[in-house]
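Engineer: Sequence first, predicted coordinates after that:
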Amino acid sequence: MIFTTHGIKSMKFIGCHEIPSDGFWFKLYSEQLDLDTTEYGIALVTAEYAIEEIYNQVKAPIVLYREGFWLTHQDLYIIAKV
């Protein structure tokens with residue numbers, strides 16, 4: 001599986017000034033008028049948070065991680081379940 005997250009380098013783009021100690025930040029937000037902000041938002045996670053959740057949820061190894069790889073600020077993860 002390949003996916004990206006907003007990580008540390010995304011902070012300046014999404015208006016996060018401090019990440020909570022658990023490594024997960026969320027803000028109700030939508031740039032689209034048809035998405036209700038009571039149900040939609042934007043999130044930022046630390047690599048430590050993402051890696052722990054990947055392990056807890058799917059027990060799959062991360063085969064590649066690149067901080068700020070996508071669009072110069074989103075973190076890239078590739079995991080492989082064997």
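Structural biologist: The structure has been received and is ready for your questions.

Engineer: so what strands line up beside the longest strand along the chain?
Structural biologist: Criterion DSSP state E: the longest strand present in the chain is strand 62-70. Within its sheet, strand 62-70 is paired with strand 74-79 (antiparallel), according to DSSP bridges.

Engineer: Pull the partner strand out as PDB, backbone CA atoms only.
Structural biologist: Provided in PDB are the C-alpha atoms of strand 74-79 (Å, rounded to 0.1, in the frame of the first residue of the first chain):
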ATOM      1  CA  GLN A  74       3.600  15.400   2.400                       C
ATOM      2  CA  ASP A  75       5.200  12.300   3.900                       C
ATOM      3  CA  LEU A  76       5.300   9.100   1.700                       C
ATOM      4  CA  TYR A  77       4.800   5.600   3.200                       C
ATOM      5  CA  ILE A  78       5.000   2.300   1.400                       C
ATOM      6  CA  ILE A  79       4.000  -0.800   3.400                       C
END
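
Engineer: mind listing what's buried in the longest helix along the chain?
Structural biologist: Criterion DSSP state H: the longest helix present in the chain is helix 47-58. Within helix 47-58, the residues that qualify as buried are 47, 49-51, 54, counting by 16 or more other CB atoms under 10 Å. (Each C-beta comes from the backbone N, C-alpha and C, glycine too.)

Engineer: So what's the residue count around the residue lying closest to Lys81 once chain neighbours are set aside?
Structural biologist: Nearest residue to Lys81, sequence neighbours excluded (CB to CB, 6 or more residues apart in numbering): Ala60, at 4.2 Å. Ala60: 13 surrounding residues under other CB atoms under 10 Å.

Engineer: now Cys16
Structural biologist: 18.

Engineer: Please apply the same query to Thr46.
Structural biologist: Count around Thr46 with other CB under 10 Å applied: 19.
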